[in-house]
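**Student:** Following is a predicted model, sequence given first.
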Amino acid sequence: MQELNLGVVDASDNYGFIYRNTNDDAAVYNDRGIAYSKNDEQDQAIASFNKAIQLDADPVEAYNNRGIVYAISGEIDTAIEDFSTAIKLNPYYAQTYSNRGVAYFSKGKVDRAFKDFDKAIECDPYHVMAYNNRGTAYFNIGKVDRAIEDHDKAIEFDPNYASAYNNRGVDYFSKGEVDRAIEDHNRAIELKSDYASAYNNRGSVYFSKGEVSKAIQDYNKAIMLDPVDATYYNNRGGVYIEVGEFDKAFKDSNKAIELQPNYADAYNHRGIVYFIKGELDLAITDYNKAIELNVDYADAYNHRGCAHGAKGELDKAFIDFRKAIELKSDYAVAYYNLGNAYKIKREIDLALESYDRAIELKSDYADAYSNRGKIYKDKGKIDKAIEDYNKAIKFKPRNAIAYNTRGLIYSRKGEVELAIADYNKAIELKPDYADAYYNRGGAFLRLGEREKAKSDLAIARKLGSDAITALDKILQDYDRAWKTLGNL
């Protein structure tokens, strides 16, 4: 999460107000307003700034500072009015242009925001907060390299500017430069030990590296420092979903929604938990809410499509997957899910096209290779099937099902020893894998290793393989054949 910061004086404070360098009554009310705001007493802050404006013949600072309070209170239009008044009183005040730029950007008025950031830098070429804010604005419109340039500049002019390090860390993370991102977040935390946002952002980087415990530790720290920020709970909940701690994920999603009832992503996360628990109607209700709050939320459409598919509502699932792809044309997972839906509907060629597209977009998509390989297997295209399962195993080497299925393909090809090697690996990865024991038993039977086949059959029966009856009959026929030949 990047930050657009209001104010300029105290680089360690997200809301660095302008202090008066005089001892008159207006200055007293101005500084008192700043103190109230920093203590989150915004009504008292506004009252103090109102008094400062009444007493001051040139209340630039008071208008600027009152604008900050309105901005952080969500009254953006009123904030812009105050910033504009301050600019009329002093058209060369860089700080106020920077603040108004933040307000314009929060309203989606991007061009006006950049004009204000540019003007702030024109008025003061060393204005670190203007560079920082403009860099963040560039990041949010996808111009990451320009963002890094501006954040570099802010750090050059103030090497102790924690916010710029934090924001540049987000820039680097978006480019996949995770080690540089961690370095910047570390530096931000070193400069500002109670920097909740930096802990949150570093947690996200750690999670991307698979360092789950470090990620959760950082999210815990962020929550301890700022227990009313819904984002931190939502992010931690997302990690809990990935590691299978669904009750904790559910609790975090609920807390995020309690703190921010219009938080689309939190509803999406809670919907995922409901889906995993099999509570499909509740999942769909949450996905509906997420989409209501954000009509362009591709992930929510994709997840809702999965829930509809699980309910057997394939027509609704198709609509949702296609909508997700319409919103996000490079959405590999949505293409994969669309392929699954086509496969269920037995539209195999369309399923193949969807898996092809998913793999084209995500070349290490193990599950897409597995499902496409299964289709090739069923079509009798054995070599293509093996090629796909090779890729599936390469990118997801602990997938027991992929080994088992490749074993079946090798067995069909007559390469029984290779098949047994794959069944062995499947069983190593999943010792209670009944079907792998069943399949290995069949392979041993083909090699004439009757005792091994019987042993695997017994284990498969104990574990509950659905295919036991068929193998029992094969083994009985095999026994009869041997007895007829006089070998037993």
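**Tutor:** All right, it came through fine. Since we're looking at a predicted model, the values are computed, not measured.
**Student:** Who are the contact partners of the closest residue to Y403 other than its chain neighbours?
**Tutor:** In space, and not counting its chain neighbours, Y403 is closest to A426: 4.1 Å by C-beta to C-beta, 6 or more residues apart in numbering. Any C-beta I mention is one placed from the backbone N, CA and C, and that applies to glycine too. By C-beta atoms under 8 Å, 6 or more residues apart in numbering, the contact set of A426 is A400, I401, Y403, N404, G407, Y433, A436.
**Student:** what about A426, which helix or strand?
**Tutor:** helix 416-429 (DSSP states H and E).
**Student:** rewinding a little: gap between the residue nearest to Y403 and Y437?
**Tutor:** Between A426 and Y437 the computed distance is 9 Å (C-beta to C-beta, to the nearest Å).
**Student:** Which ones among the contacts of A426 map onto strands?
**Tutor:** Secondary structure assignment by DSSP state E places none of the contacts of A426 in strands.
**Student:** Among those, which one sits closest to H303?
**Tutor:** I401 (22.7 Å; C-beta to C-beta).
**Student:** neighbours of that closest one, just the number please.
**Tutor:** 18 (other C-beta atoms under 10 Å).
**Student:** can you check D77 too?
**Tutor:** 9.
**Student:** same thing with K251?
**Tutor:** 17.
**Student:** With E75 instead?
**Tutor:** Quick note: E75 (other C-beta under 10 Å) scores 17 neighbours.
**Student:** quick one, strands of this structure?
**Tutor:** Using DSSP E, strands in the chain cover 6-7, 15-16.
**Student:** hey, C-alpha coordinates of the helix holding A426 in CSV?
**Tutor:** What follows is helix 416-429 as a C-alpha-only set of coordinates in CSV (Å, rounded to 0.1, in the frame of the first residue of the first chain):
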residue,chain,number,x,y,z
VAL,A,416,5.2,-50.5,-16.7
GLU,A,417,8.5,-49.9,-14.8
LEU,A,418,8.1,-46.1,-15.4
ALA,A,419,4.5,-46.4,-14.3
ILE,A,420,5.5,-48.2,-11.0
ALA,A,421,8.1,-45.5,-10.4
ASP,A,422,5.4,-42.8,-10.6
TYR,A,423,3.0,-44.8,-8.4
ASN,A,424,5.9,-45.1,-5.9
LYS,A,425,6.3,-41.4,-5.9
ALA,A,426,2.6,-40.7,-5.5
ILE,A,427,2.5,-43.0,-2.5
GLU,A,428,5.6,-41.4,-1.0
LEU,A,429,3.9,-38.0,-1.3
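**Student:** mind listing what's buried in it?
**Tutor:** The neighbour-count check on helix 416-429 (16 or more other C-beta atoms under 10 Å) flags V416, L418, A419, I420, A421, D422, Y423, K425, A426, I427, L429 as buried.
**Student:** Which one of those is nearest to K51?
**Tutor:** Using C-beta to C-beta, the buried residues of helix 416-429 come closest to K51 at L429, 71.4 Å.
**Student:** Pretty sure that closest one sits against Y403.
**Tutor:** Yes. Here L429 reaches Y403: they are 7.0 Å apart, a contact under C-beta atoms under 8 Å.
**Student:** Could I get the buried residues of helix 416-429 in CSV, plus columns for distance to G203 and pLDDT?
**Tutor:** Shown next, in CSV, are the buried residues of helix 416-429 (distance: C-beta to C-beta, whole Å; pLDDT from 0 to 100):
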residue, distance to G203, pLDDT
V416, 49, 96
L418, 43, 97
A419, 44, 97
I420, 44, 97
A421, 41, 98
D422, 38, 98
Y423, 40, 97
K425, 35, 98
A426, 35, 97
I427, 37, 97
L429, 30, 97
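**Student:** May I see the contacts of A426 arranged in CSV, with distance to P59 as well?
**Tutor:** Below are the contacts of A426 laid out as CSV (distance: C-beta to C-beta, whole Å):
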residue, distance to P59
A400, 71
I401, 70
Y403, 74
N404, 76
G407, 80
Y433, 75
A436, 78
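**Student:** before we move on, the earlier item: columns distance to A332 on top of the buried residues of helix 416-429, output as a markdown table?
**Tutor:** Formatted as a markdown table, those follow (distance: C-beta to C-beta, whole Å):
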| residue | distance to A332 |
| --- | --- |
| V416 | 36 |
| L418 | 30 |
| A419 | 31 |
| I420 | 34 |
| A421 | 31 |
| D422 | 27 |
| Y423 | 30 |
| K425 | 27 |
| A426 | 26 |
| I427 | 31 |
| L429 | 25 |
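**Student:** residue contacts, D456?
**Tutor:** With the criterion set at C-beta under 8 Å, 6+ apart, D456 makes contact with Y437, Y438, R440, G441, F444.
**Student:** err, R304, not the other one
**Tutor:** Per C-beta under 8 Å, 6+ apart, neighbours of R304: G271, A283, I284, Y287, N288, I291, D320.
**Student:** looking at the strands of the chain, which has the lowest confidence?
**Tutor:** Here the lowest mean pLDDT among the strands of the chain goes to strand 6-7, at a mean of 36.
**Student:** Grab the nearest non-local neighbour of Y92.
**Tutor:** Nearest to Y92 is C123, by C-beta to C-beta, 6+ apart, at 5.2 Å.
**Student:** In contact with the closest residue to N234 other than its chain neighbours, which residues are there?
**Tutor:** Spatial nearest neighbour of N234, chain neighbours left out: A256 (4.2 Å); criterion: C-beta to C-beta, 6+ apart. Listed by C-beta under 8 Å, 6+ apart, the contact set of A256 reads A230, T231, Y233, N234, G237, Y263, D265, A266, H269.
**Student:** now do V60
**Tutor:** I18, A86, L89, N90, Y93, T96.
**Student:** repeat for G210
**Tutor:** Applying C-beta under 8 Å, 6+ apart, no residues contact G210.
**Student:** Mind pulling up the pLDDT for it?
**Tutor:** Model confidence at G210 (pLDDT) stands at 93.
**Student:** go on, V28?
**Tutor:** pLDDT at V28 comes out at 87.
**Student:** Relative to G464, how far out is it?
**Tutor:** Taken as C-beta to C-beta, the span from V28 to G464 is 80 Å.
**Student:** between these two, who's got more neighbours?
**Tutor:** Between V28 and G464, V28 has the larger neighbour count (other C-beta under 10 Å), namely 16 against 10.
**Student:** from what I can see the residue nearest to Y92 touches N90, true?
**Tutor:** No. At 9.8 Å, C123 and N90 do not qualify as touching, with contact defined as C-beta under 8 Å.
**Student:** Count the residues that sit near S84.
**Tutor:** 15.
**Student:** residues touching it, list them.
**Tutor:** So S84 contacts R100 (C-beta under 8 Å, 6+ apart).
**Student:** same deal with Y206?
**Tutor:** Here Y206 is in contact with I182, V212, K214, A215, D218 (criterion: C-beta under 8 Å, 6+ apart).
**Student:** Show me the helices in the stretch 351-488 of the chain, by range?
**Tutor:** 366-378, 382-395, 400-412, 416-429, 434-446, 450-463, 468-485 (DSSP state H, counting those that start in this stretch).
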